[in-house]
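Novice: Any chance you could fold what I've pasted below:
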Amino acid sequence: MNRHALWIVVLLVAQACTRAAPSPKTAETRSGPPETRKAPVTDTYHGVSVVDDYRWLEDWKSPEVRNWSEAQNAYARAYLNSLAGVDRIRKRVTDLMSALPVTYDSLAWSGGRLFGLKMQPPKNQPMLVVMPSADEPGKERMILDPNQLDTQGTTAIDWFVASPDGKQVAVSLSKGGSEAGDLHVYETDTGREVEEVIPHVSGGTAGGDLAWASDGSGFFYTRYPRPGERPDADLDFFQQLWFHQLGTKVAADRYELGKDFDRIAEIEVDVEPLTGEVLAQVQVGDSGRFAFFGRDRHGQWSPIAGYDDGIVEAVLGPAGSLFLVSRKDAPKGRVLSLENMRTPLSQAREIIPQCRDNLVTEFYGAAAMLATASRLYLIYQLGGPSEIRVFDHHGTALPSPSTLPVSSVGINLVPLDGDDILFSNESYLDPDGWYRFAAQPGATLKTGLMPKYAVDFSDVEVVRELAVSKDGTRVPLNILRKKGTALDGKNPTILYGYGGYALSLTPRFSPIRRIWFDAGGVFAYANLRGGAEFGESWHMDGMLTKKQNVFDDFAACMELLIKAGYTNADRLAIEGGSNGGLLMGAMIAQHPDLTRTAVSFVGMYDMLRSELSPNGSFNIPEFGTVKDPEQFKALYAYSPYHGVKDGVPYPAVLFLTGANDPRVDPMHSRKMTARLQAATSSGLPILLRTSASTGHGIGSSLAEQIEENVDVFAFLMSRLGMTLPK
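Specialist: Sure thing, here's the model as predicted:
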């Protein structure tokens, strides 16, 4: 599963509400935040002494920390609830989000039927359904409804995989945003659960995966250690691959692969339907370094490519052939082919060379390449937007699907029978719908899975600008504005960024942006280094000791919006989450003069302690480790928590975190909040909102998403002085 790309999609849902609000001066007159005691702890890294006043806030088991968090929540709640028009904005947001059309995600074709997750507001969670085809949603049947399993809406489907004949489906279910999934197996026709539950097959660290045996007799699945197999501190690490035979006890499951893998290994698995051969992909944490292993029909595993071979993706072709994306001497990617898994990598043939201007997008393990009977489908990244290109198995270009202008195609390419596929496509202004590409005669057709929104964006345009970063790098900036917007420096504007993990920030449709545009607002999205918009070199220039480039890129985008007359510092808000939360923290610490308002979701802020949390180990390949002198130097230089200085007039900030977050420890938000509250001289609010029933944002109920939207944009619009039109 793609752990990071999924977060971007989740966060982009929460970016388009407005509210009536008091003037900023009203907010500043409220009482201050709860007192936070200091208890200095000094660490020495490579001869550098670092004092940490709020180390005690890391211990979530401490009653004092929980009491502090509750007091901060009460303070934030009182502030947010006191903003004018809260009830009105809640009704508007609730009406919009509850009335969103039915949409479908995670489609899969198996056994002559189409499976998918159906989102049907106002239900809290997506449901697993099956239908005859993408043109017959009226004939769908429910297999599993998590909303009936859990009336609180906190149980979520992490992922599912249907058996080859489509008669059964394996589903990972987790609770409270934890992403710690247990595996259940259901009959497709009856929805009846069969088989014993297999615990902890998925998690927020290394994710999880499953592939059915070609004969449907069982499945290969990832799992984490059981209590007693490893120390408690390692139960979210050391992922392995196992096999379960249907009708047998889980205790009898067969170990397959992984005992000698790294502690932070992330495993994905696939099976060739005709030969039964198995392909396993292993990544070391979030490093972008992969190894591949093949299992023949006799059960023998053998290596295909190692971590240093530069292969970043492999897919099975007909009769056991392999297609590989290589970045060896090709940072923008080239495609190789192997006759079978036993063919040495040295004998691979290049069938599609590296492009000069575009690249094969790999998405860190999510399929961006698909092999069908005689076609090869590849997703190409175009500096933010993306498209699909089609080749035969020898690399000859063929007619490709038509896509919307300045749009993105979803990473879920769905093979149908023969060479036809389903794919999703959306833009900033056009909703995400499902299309069928008929390989013969090369036609792109709308399916019955096209959502019908009640909003219209024909009065909005997308302008693409280029900001110039500190070192001269040109950074794309996508600006969404109503046609005829005056560049008078007065427009309330939100600038969003991410910049990490080789994830490209692609165009996404959000219907609730309509409220923002109606109130005169502007949205902007920055394609920063650290992503993969222009290849692996674009990513590498924003990671490890070069992470500061990401912050410089974002600052350049802020400056462009101000200099070009879109907005000014008082009416510019910045927003980001997770790795983008780190970006927000860095901007607050490094450029408090460029904005007066920031919203930061589930961010990382103490970069010297981040690697000590469970998921922090997986992030070391992206950010580095304090154990390395040069990496420590870079981490300490940009670490937001350590960059805060006493007496500086910092912007108003709303921090949001989930108590069950498996990806970014909520201690980051607690410590950063305490440090900013103690340091700022601006008198502007520094708020911390902790949700007890969510994690990193994935699997959050619709009710929780609505309340989060209300709080976030109540805060934003009060700071920017916007009014919700009647």
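
Novice: Next SSE downstream of the helix or strand encompassing residue 196?
Specialist: Residue 196 is located in strand 193-202, with elements delineated by DSSP states H and E. Later in the chain than strand 193-202, the nearest helix or strand by DSSP H and E is strand 210-212.

Novice: Just the angle for the next helix or strand after that next one relative to strand 193-202, thanks.
Specialist: On the C-terminal side of strand 210-212, the closest following helix or strand by DSSP H and E is strand 218-223. Between the axes of strand 218-223 and strand 193-202, defined by axes from the mean of the first three to the mean of the last three C-alpha atoms, to 10 degrees, the angle is 30 degrees.

Novice: outside of strand 218-223, which residues touch it?
Specialist: With contact meaning C-beta atoms under 8 Å, 6 or more residues apart in numbering, strand 218-223 is reached by 161, 163, 170, 183, 198-202, 206-213, 239-246, 256, 267, 269, 271, 278. Where C-beta positions appear, they are placed from N, C-alpha and C, glycine not excepted.

Novice: Keeping just the C-alphas, turn the helix or strand harbouring residue 619 into PDB.
Specialist: In this structure, residue 619 is located in helix 616-623 according to DSSP H and E. Output in PDB follows, covering the C-alpha atoms of helix 616-623 (Å, rounded to 0.1, in the frame of the first residue of the first chain):
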ATOM      1  CA  GLY A 616      10.500   7.300  12.700                       C
ATOM      2  CA  SER A 617      12.900   4.500  11.900                       C
ATOM      3  CA  PHE A 618      11.200   4.100   8.500                       C
ATOM      4  CA  ASN A 619      11.700   7.800   7.800                       C
ATOM      5  CA  ILE A 620      15.500   7.700   8.400                       C
ATOM      6  CA  PRO A 621      16.300   7.100   4.700                       C
ATOM      7  CA  GLU A 622      14.300  10.200   3.800                       C
ATOM      8  CA  PHE A 623      15.400  12.600   6.600                       C
END
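
Novice: just the buried members of the contacts of strand 218-223?
Specialist: 161, 163, 170, 183, 198, 200-202, 206-213, 239-244, 256, 267, 269, 271, 278 (16 or more other C-beta atoms under 10 Å).

Novice: phi, psi of residue 137?
Specialist: phi -60, psi -20 (degrees, to the nearest 10).

Novice: For it, give its distance to residue 450.
Specialist: 10 Å (C-beta to C-beta, to the nearest Å).

Novice: tell me the average confidence for the helix holding residue 619?
Specialist: In this model, helix 616-623 has a mean pLDDT of 91.

Novice: can you check stretch 269-287 too?
Specialist: Stretch 269-287 comes out at a mean pLDDT of 94.

Novice: now swap in stretch 551-565 and tell me
Specialist: 98.

Novice: In the stretch 351-500 of the chain, mark out all the strands, start to finish.
Specialist: Taking DSSP state E, counting those that start in this stretch as the criterion, the stretch 351-500 of the chain contains strands spanning 359-360, 369-371, 375-381, 386-392, 397-398, 407-409, 414-415, 421-427, 433-438, 443-446, 460-468, 474-482, 493-496.

Novice: so where's the protein shaky on pLDDT?
Specialist: 1-30, 357-367, 662, 693, 695-699 (pLDDT under 70).

Novice: Tell me which of residue 137 and residue 450 has more neighbours.
Specialist: residue 137 (20 against 16; other C-beta atoms under 10 Å).

Novice: Now the more buried one. Nearest residue, chain neighbours left out?
Specialist: residue 448 (5.1 Å; C-beta to C-beta, 6 or more residues apart in numbering).

Novice: Then residue 209?
Specialist: Using C-beta to C-beta, 6+ apart, the closest residue to residue 209 is residue 268 (4.6 Å).

Novice: Pull the residues that contact the helix or strand that the one you found is a member of.
Specialist: Here residue 268 is covered by strand 265-271, with elements defined by DSSP H and E. With contact meaning C-beta under 8 Å, 6+ apart, strand 265-271 is reached by 1, 206-207, 209-214, 220-222, 238-241, 257-258, 261, 277-286, 315-316, 365, 618.

Novice: chain center to that strand, what's the gap?
Specialist: In this view, strand 265-271 has its centroid 19 Å away from the chain centroid, taken as C-alpha atoms, centre = their mean, to the nearest Å.

Novice: Determine the angle, from 0 to 180 degrees, between whichever helix or strand residue 559 is part of and strand 460-468.
Specialist: Element membership for residue 559, per DSSP H and E: helix 548-563. Put simply, helix 548-563 runs at 120 degrees to strand 460-468, going by the same axes, to 10 degrees.

Novice: what comes up buried for helix 548-563?
Specialist: 548-562.

Novice: swap in stretch 46-65?
Specialist: Those would be 50, 52, 53, 54, 55, 56, 57, 58, 65, for stretch 46-65 by 16+ other C-beta under 10 Å.

Novice: Endpoint to endpoint, it covers what distance?
Specialist: Chord length of stretch 46-65, first to last residue, is 30 Å (C-alpha to C-alpha, to the nearest Å).

Novice: what residues does it touch?
Specialist: Stretch 46-65 has contacts (C-beta under 8 Å, 6+ apart) with 36-44, 66, 68, 606, 608-609, 629, 632-633, 636, 642, 659, 665-667, 670-671, 674-675, 678.

Novice: List the ones among those residues that fall in strands.
Specialist: If you go by DSSP state E, the contacts of stretch 46-65 have 41, 42, 43, 44 in strands.

Novice: Let's have the residues you listed in TSV, adding distance to residue 646.
Specialist: Below are the ones in strands among the contacts of stretch 46-65 laid out as TSV (distance: C-beta to C-beta, whole Å):
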residue	distance to residue 646
41	18
42	18
43	20
44	22
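
Novice: now that we have the residues you listed, which one has the most neighbours?
Specialist: Neighbour counts for the ones in strands among the contacts of stretch 46-65, by other C-beta under 10 Å, peak at residue 43, which reaches 13 neighbours.

Novice: is that one in a bridge, and if so with what?
Specialist: Counting by DSSP bridges, residue 43 is bridged to residue 50.

Novice: Which SSE is immediately downstream of the helix holding residue 559?
Specialist: Next element after helix 548-563 (DSSP H and E): strand 572-577.

Novice: Can you spell out which helices and strands pack onto whichever helix or strand comes after that next one?
Specialist: Counting by DSSP H and E, the next helix or strand C-terminal to strand 572-577 is helix 579-590. Secondary-structure packing of helix 579-590 (3 or more C-beta pairs under 8 Å, 6 or more residues apart in numbering; DSSP states H and E): helix 548-563, strand 572-577, strand 597-601, helix 640-643, helix 667-679.

Novice: could you check the angle helix 548-563 makes with helix 579-590?
Specialist: Using the same axes, to 10 degrees: helix 579-590 against helix 548-563 is 70 degrees.

Novice: so helix 579-590 versus helix 616-623, what angle?
Specialist: Going by the same axes, to 10 degrees, helix 579-590 makes 70 degrees with helix 616-623.

Novice: Look at residue 138 and give its secondary structure.
Specialist: helix (DSSP: H, G, I helix; E, B strand; the rest coil).

Novice: ok, it - contacts?
Specialist: residue 448.

Novice: Residue 543 now?
Specialist: 500, 530, 622, 623.

Novice: that older thread, what's the closest of the ones in strands among the contacts of stretch 46-65 to residue 78?
Specialist: Taking C-beta to C-beta as the measure, residue 78 lies nearest residue 41 of those, at 31.2 Å.

Novice: For the closest residue to that closest one other than its chain neighbours, give its distance to residue 612.
Specialist: Leaving aside its sequence neighbours, residue 41 sits nearest to residue 55 (C-beta to C-beta, 6+ apart; 4.4 Å). From residue 55 over to residue 612 the distance is 11 Å, taken as C-beta to C-beta.

Novice: What of residue 648?
Specialist: Taking C-beta to C-beta, one finds residue 648 at 28 Å from residue 612.
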